[in-house]
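In: Give me a model of this one.
(chains A, B, C and D)
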4 protein chains.
Amino acid sequence: MAASNSQEGNDYEFRFSSDMTLEDIRASHRYFCKERNWGKYHSPRNVLLALVGEVGELAEIFQWKGEVKQGLPEFTEDEKQHVGDEISDVLIYLVDLAAQCHIDLPTAVHNKLQVNAKKYPVNVTNGTFQKYSAYGEDRSLVGAAVPPERAREEGDGSE
Amino acid sequence: MAASNSQEGNDYEFRFSSDMTLEDIRASHRYFCKERNWGKYHSPRNVLLALVGEVGELAEIFQWKGEVKQGLPEFTEDEKQHVGDEISDVLIYLVDLAAQCHIDLPTAVHNKLQVNAKKYPVNVTNGTFQKYSAYGEDRSLVGAAVPPERAREEGDGSE
Amino acid sequence: MAASNSQEGNDYEFRFSSDMTLEDIRASHRYFCKERNWGKYHSPRNVLLALVGEVGELAEIFQWKGEVKQGLPEFTEDEKQHVGDEISDVLIYLVDLAAQCHIDLPTAVHNKLQVNAKKYPVNVTNGTFQKYSAYGEDRSLVGAAVPPERAREEGDGSE
Amino acid sequence: MAASNSQEGNDYEFRFSSDMTLEDIRASHRYFCKERNWGKYHSPRNVLLALVGEVGELAEIFQWKGEVKQGLPEFTEDEKQHVGDEISDVLIYLVDLAAQCHIDLPTAVHNKLQVNAKKYPVNVTNGTFQKYSAYGEDRSLVGAAVPPERAREEGDGSE
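Out: Numbering: from 1, shown residues only, chains lettered A, B, ... in the order given. Down below sits the predicted model:
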């Protein structure tokens, strides 16, 4: 089956395997740096430039490829591994940057998803609940922002 | 108390508030795009360029600031909110990119943290356990890289 | 003498040595690619991602440095050479990108400098001409933004 | 005629219109900043982050486009103008960064083109001279590095 997140009619959906949290990543990276006394180098702009460096390494993997299909079918296993490594490096520095800035990343992401949902409204008659139900209330961070009772009444927490 | 993740002697450590997972972010963003039939635009290189765009918006907030202190004490509340918004946008696209590439991001991050821990060894006589104990067993993804028996011998309770 | 472009009272000004043009760079890079039959890889988005990759390599040189002084006095000769190499790589891809997009870069830069000069007006009583004269008639692209007649009166022969 | 820099057999070659030099851009931008007393903000890392911001704005124009053809035939005039503006912004900050670092950009570019030419050798039997002659010695910055007499003997200044 050709995996695709973008063919709207396609039931297949790629999912992540585990429940790794943003706090798991922050604490593990912090532990790694503290063990090595590297924390002193992690000022906000240092980490931001390190993040830009890793984004550059990620871009390099895709630079001569032309358009690339979902699931990277044309990539070798090594290339796919490399993509995963570089996305991870970007993520680790991004989480570190939030921590250096004392920004509560889960709250910031939660709020941003809500703002986006309001900014780009969906026609309510558009089978929202059916789609929503495929995720479940406990999965929707958007829904999670709604008081349980309102969410229940509406059956849709998407604003 | 002046918060700081980088003063090694400082007991204070900034932490994220919730257990938001990478899969929470993926599923919520996927739900958001599916509701709007936007999935078709989310090819790997499109999302990668969108990510680069958001990294640029993040950099713009810091560009004329000179060196910036941890916790962003000189930033206004609006600026700090803006930083959180842009870090969130980068994170959402980064998670989306991993999903478009069918890369299991939690596994990739876990492996990268292990590789980094082996790549930059810590002097074993260096009070690792004491430092580790501040984090708790269920938090260290790095610790998971140590074979259980070795970990036990060393008194490194890192899983 | 401490070189500085930013101390307004300082007479010293760093200048480039030669009259290398944007077209020199375009033609030389084009010649280099044509000799190797590499042109076919240079689609706009491929070159854009290559540019992002080089910006990342440039950022990596500065990432753990904290604030850096003009002229890079704390950098080793090798590091300074490295900065020059990476800035050059970014420039070569930027010129290539403009060519791939069939954008006349000299005209685009000229127009942008004019737009910026109008967007951020300077108090006319503020010794502009005196400052201008320090650059020489044939050098100011900004001067080209001045209506020909005013330019002629002022002896501003910048077009 | 379909313009293309990448079809090797195609005689058409897009060229820039004028002889704007890197020093023209440096002096004009420097003049612009000096008039406004903005020089004090232009530290190397500030300018580097401003550059990253402009690269982000450039990427945003291409982010939802999928693969894009040379000459941007599918772009509106406004979009093409926008691309030219953003490429110009990146170039202006790149030139500024070199100046802040006291790096002689023409020399750095010249050397980088030479290093690349040696790094990726061309089969000498491969009509190099014929291709080279299409540009002329005075166009090749690579050639320009060779003492005139050696260049003349070889009829090719490409190393």
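In: make it CA atoms for all contacts and neighbour counts henceforth
Out: Fine.
In: next helix or strand past whichever strand or helix holds A:Asp85?
Out: A:Asp85 belongs to helix A:77-100 when assigned by DSSP states H and E. Next in sequence after helix A:77-100, counting helices and strands by DSSP H and E, comes helix A:105-119.
In: Tell me which other helices or strands that following helix touches.
Out: The contact analysis (3 or more C-alpha pairs under 8 Å, 6 or more residues apart in numbering or on different chains; DSSP states H and E) places helix A:105-119 against helix A:77-100, helix B:22-35, helix B:77-100.
In: how's chain A carved up into domains?
Out: The record's domain split for chain A, according to automatic domain parsing, is A:22-103, A:105-139.
In: Tell me which of these sits nearest to D:Ile87.
Out: Closest approach to D:Ile87 among the domains of chain A (C-alpha to C-alpha): domain A:22-103, 17.7 Å.
In: can you tell me the distance between the two ends of the closest one?
Out: In domain A:22-103, first residue to last residue: 12 Å (C-alpha to C-alpha, to the nearest Å).
In: What of stretch A:31-49?
Out: 21 Å.
In: need the helix or strand of chain A with the lowest average pLDDT.
Out: When each helix and strand of chain A is scored by mean pLDDT, DSSP states H and E, helix A:148-154 comes last, with a mean of 31.
In: how about A:Ile87, what does it touch?
Out: When contacts are counted by C-alpha atoms under 8 Å, 6 or more residues apart in numbering or on different chains, A:Ile87 touches A:55, A:58, B:94, B:98, B:105.
In: ok, 10 Å please
Out: Counting by C-alpha atoms under 10 Å, 6 or more residues apart in numbering or on different chains, A:Ile87 makes contact with A:54-55, A:57-58, A:81, B:94-95, B:97-98, B:103, B:105, B:108-109, B:112.
In: What residues does chain A have near chain D?
Out: A:45-46, A:48-49, A:52, A:66-68 (C-alpha under 10 Å from any C-alpha of the partner chain).
In: low-confidence ranges in chain A?
Out: For chain A, residues meeting the criterion pLDDT under 70 lie at A:1-11, A:123-159.
In: ok, how many other residues are close to the residue nearest to A:Gln100 when sequence neighbours are not counted?
Out: Spatial nearest neighbour of A:Gln100, excluding adjacent residues (C-alpha to C-alpha, 6 or more residues apart in numbering or on different chains): B:Gln70 at 5.2 Å. B:Gln70 has 22 neighbours, counted by other C-alpha atoms under 10 Å in any protein chain shown.
In: so A:Tyr12 sits in a helix?
Out: No. Per DSSP: H, G, I helix; E, B strand; the rest coil, A:Tyr12 lies outside any helix segment and is coil.
In: From B:Tyr41, how far off is it?
Out: For A:Tyr12, the distance to B:Tyr41 - C-alpha to C-alpha - is 17 Å.
In: do A:Lys34 as well
Out: Taking C-alpha to C-alpha, one finds A:Lys34 at 41 Å from B:Tyr41.
In: These two: who's more crowded?
Out: The residue with more neighbours, out of A:Lys34 and B:Tyr41 and counting by other C-alpha under 10 Å, is A:Lys34; that gives 20 against 16.
In: pretty sure that one is touching A:Arg26, no?
Out: No. In this structure A:Lys34 lies outside contact range of A:Arg26 using C-alpha atoms under 10 Å: 11.9 Å.
In: What helix or strand is the closest residue to chain D within chain A located in?
Out: In chain A, the residue that lies nearest chain D is A:Glu67 (5.9 Å; C-alpha to the nearest C-alpha). Under DSSP H and E, no helix or strand contains A:Glu67.
In: Correct me if wrong: it contacts B:Leu48.
Out: No. Counting by C-alpha under 10 Å, A:Glu67 stays clear of B:Leu48, with 11.5 Å between them.
In: okay, these two: which has more neighbours?
Out: For A:Glu67 versus B:Leu48, the count of surrounding residues by other C-alpha under 10 Å is larger for B:Leu48: 24 against 17.
In: quick one: that one is in a helix?
Out: Yes. Remark: B:Leu48 belongs to a helix, assigned using three-state DSSP.
In: Look up how far B:Asn37 lies from it.
Out: B:Leu48 is 19 Å from B:Asn37, where distance means C-alpha to C-alpha.
In: before we move on, what about A:Leu22?
Out: Distance from A:Leu22 to B:Asn37, by C-alpha to C-alpha: 28 Å.
In: More neighbours: those two, which one.
Out: The residue with more neighbours, out of A:Leu22 and B:Asn37, is A:Leu22; 22 against 14, by other C-alpha under 10 Å.
In: Settle this for me: A:Val47 is touching C:Gln63, isn't it.
Out: Yes. At 6.9 Å, A:Val47 counts as touching C:Gln63 under the criterion of C-alpha under 10 Å.
In: Quick check on these two: which one has the bigger neighbour count.
Out: When neighbours are counted by other C-alpha under 10 Å, C:Gln63 comes out ahead of the other of A:Val47 and C:Gln63, with 24 against 21.
In: That one and D:Leu49 touch, don't they?
Out: No. C:Gln63 lies out of contact with D:Leu49 (C-alpha under 10 Å); the separation is 11.0 Å.
In: Check the contact lists of these two and give me the overlap.
Out: Any residue near both C:Gln63 and D:Leu49 by C-alpha under 10 Å, 6+ apart counts here, and that gives A:45, A:48-49, A:52.
In: Can you tell me which of those is nearest C:Glu77?
Out: Using C-alpha to C-alpha, A:Leu49 comes nearest to C:Glu77 of the shared contacts of C:Gln63 and D:Leu49, at 21.5 Å.
In: Excluding sequence neighbours, find me the nearest residue to the closest one.
Out: C:Gln63 is the one closest to A:Leu49 (C-alpha to C-alpha, 6+ apart), at 4.9 Å.
In: Could you pull up the residues touching the one you found?
Out: A:41-43, A:45-53, C:56-57, D:45.
In: what about stretch A:16-36, near chain B?
Out: Yes. Using C-alpha under 10 Å from any C-alpha, stretch A:16-36 reaches chain B at A:16-36.
In: quick one: the residue nearest to A:Gln100 is in a helix?
Out: No. B:Gln70 is assigned coil when assessed by three-state DSSP, not a helix.
In: Among the residues of chain A next to chain D, the buried ones, what's the ChimeraX command?
Out: To isolate the buried ones among the residues of chain A next to chain D in ChimeraX, judged by 16 or more other C-alpha atoms under 10 Å in any protein chain shown, type:
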select /A:45,46,48,49,52,66,67,68
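In: could you dump the residues of chain A next to chain D to JSON lines with distance to C:Glu86?
Out: Formatted as JSON lines, these follow (distance: C-alpha to C-alpha, whole Å):
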{"residue": "A:Arg45", "distance to C:Glu86": "20"}
{"residue": "A:Asn46", "distance to C:Glu86": "18"}
{"residue": "A:Leu48", "distance to C:Glu86": "18"}
{"residue": "A:Leu49", "distance to C:Glu86": "15"}
{"residue": "A:Val52", "distance to C:Glu86": "14"}
{"residue": "A:Gly66", "distance to C:Glu86": "24"}
{"residue": "A:Glu67", "distance to C:Glu86": "26"}
{"residue": "A:Val68", "distance to C:Glu86": "27"}
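In: Closest to A:Asp85 out of the residues of chain A next to chain D?
Out: Using C-alpha to C-alpha, the residues of chain A next to chain D come closest to A:Asp85 at A:Val52, 15.0 Å.
In: hang on, the earlier thing: any of the residues of stretch A:16-36 next to chain B buried? List them.
Out: A:16, A:20-36.
In: returning to that earlier point: which one, of the domains of chain A, ends up nearest to D:Val122?
Out: domain A:22-103 (20.3 Å).
In: any idea how far the nearest residue to A:Pro106 once chain neighbours are set aside is from C:Lys112?
Out: Leaving aside its sequence neighbours, A:Pro106 sits nearest to B:Met20 (C-alpha to C-alpha, 6+ apart; 5.9 Å). As defined by C-alpha to C-alpha, B:Met20 lies at a distance of 44 Å from C:Lys112.
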